[in-house]
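A.B. asks: Please find the sequence and the predicted model below.
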2 protein chains.
Amino acid sequence: MAADKNLIGEINNNLRHLIQLLQTRSKKIRKETGITGPQLLAMKTLTEFPDISISELARRIYLHPATVVGIVDRLEGRSFVKRRRSKTDLRQVNVRLTAKGKGALQKAPGAARAPVLDGLETLPDRKLKRLSVSLAQLVRILDLSAKGPILKRRRGRPRKEESMPVKRRGRKSS
Amino acid sequence: MAADKNLIGEINNNLRHLIQLLQTRSKKIRKETGITGPQLLAMKTLTEFPDISISELARRIYLHPATVVGIVDRLEGRSFVKRRRSKTDLRQVNVRLTAKGKGALQKAPGAARAPVLDGLETLPDRKLKRLSVSLAQLVRILDLSAKGPILKRRRGRPRKEESMPVKRRGRKSS
DNA sequence: CCGTGATTATTTGTATACGAATCTTGCAAT
DNA sequence: ATTGCAAGATTCGTATACAAATAATCACGG
């Protein structure tokens, strides 16, 4: 068994398995809390960065804006978050947690608050560090491979806006 | 910055990012080959293990049988695979690649054939080994945490069956 | 032989998840 | 000002992905 091939194949396999485990985990959290993993992640992010736009939220949780629209739709449907059209830039829509949303977050059990890492705390620091480094390396490699030789610079500027009701736009309103 | 919290948070973050990168990768493969990542994975698995049941295929690629049904549906729709009801166990449905499916696999570019690891080969063996070990560790921890204290033994027995046309069953046929 | 529970594939329902198209708004160059 | 292009949010279409329910079959005990 060629060492290289097997190593890479094993990594591949473990990645598949890993993703499936995280998926199952999300389902379990949903059964326990009524909130899915991505929804929880979005709300957690909104705790840390209140009132950010859809796009910025998407960037922070590594999702496509179109995906985040759906997640926010569902959260808003349950009154966990609220949308507001930005005053300074009418294209943007800002999202923020409601009191009900904050309450739901607090009621979520520990497993939900730390979306991944139940057993990780039992690992010695050394292995934890190694895991972190390896993951970062993997991400970096995939990232470069994805973006190719191009490297895009992005400057973020602070934003401040206030309220305003939100009217949907886009291709078609039902 | 508390070392522990940050490490775990970073791992979490990198996992998110990693999943998104793999997702994007799958889409790119689809544009290039017309076949998605999971479909490709299923076909690759069928190359290695021809004529296995839906359940076994699902186990091998770490997916829920219900998910695999959809994937096989689409592959069968394009005549890349074929379903056959097992003769020895009428509950099972076996899947195998067609000539067209094999051809499509061969035509898939290198990136598609190694679903993840373009840049990985450039890594020195030492780092590769560390990555593999860390991933395995992570998977093991999540797996245990998912299954809890219970450990289920599964014995797989070999299966051999032959042809037969497939008629759909289940809740309702359209 | 007959019932009972387990196994297998499927369907249904719901939630991600992304790309492409679209509309609105912002911004800069002419 | 006008034109044109970029950025933001949304919709649509498609593909994962899983749990629960369902139907068929199997394996087994009596």
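C.D. replies: On my side now, so go ahead.

A.B. asks: which residues are contacting whichever strand or helix holds A:G101?
C.D. replies: Here A:G101 sits within helix A:99-107, counting by DSSP states H and E. Outside helix A:99-107, the residues that touch it by CB atoms under 8 Å, 6 or more residues apart in numbering or on different chains are A:33, A:35, A:40, A:43-44, A:46-47, A:75, A:78-81, A:97, A:113. Just so you know, the C-beta spots here come from the backbone N, C-alpha and C atoms, and that holds for glycine as well.

A.B. asks: Which two among the residues you listed are spaced furthest apart?
C.D. replies: Maximum pairwise distance among the contacts of helix A:99-107 (CB to CB): 20.6 Å, between A:S79 and A:R113.

A.B. asks: Wondering if the helix holding A:G101 reaches DNA strand C at all.
C.D. replies: No. Judged by CB under 7 Å from any atom of the strand, helix A:99-107 stays clear of DNA strand C, getting no closer than 13.6 Å.

A.B. asks: Is A:V139 in a helix, a strand, or coil?
C.D. replies: Secondary structure assignment for A:V139 (DSSP: H, G, I helix; E, B strand; the rest coil): helix.

A.B. asks: The helix or strand containing A:L18 vs helix A:99-107, what angle?
C.D. replies: Counting by DSSP H and E, the element that carries A:L18 is helix A:3-33. Here the directions of helix A:3-33 and helix A:99-107 differ by 120 degrees (axes from the mean of the first three to the mean of the last three CA atoms, to 10 degrees).

A.B. asks: any idea how far helix A:3-33 is from the chain center?
C.D. replies: Here helix A:3-33 is found 17 Å from its chain centre; the criterion is CA atoms, centre = their mean, to the nearest Å.

A.B. asks: now, which of the contacts of helix A:99-107 lie close to DNA strand C?
C.D. replies: Applying CB under 7 Å from any atom of the strand to the contacts of helix A:99-107, one finds that nothing falls near DNA strand C.

A.B. asks: and the residue nearest the centre of chain A, how far is that from A:G77?
C.D. replies: Nearest to the mean C-alpha position of chain A, counting by CA atoms, centre = their mean, stands A:I61 at 2.8 Å. As for A:I61, its distance to A:G77 is 19 Å (criterion: CB to CB, to the nearest Å).

A.B. asks: Walking through chain A, point out its strands one by one.
C.D. replies: A:52-53, A:81-85, A:93-97 (DSSP state E).
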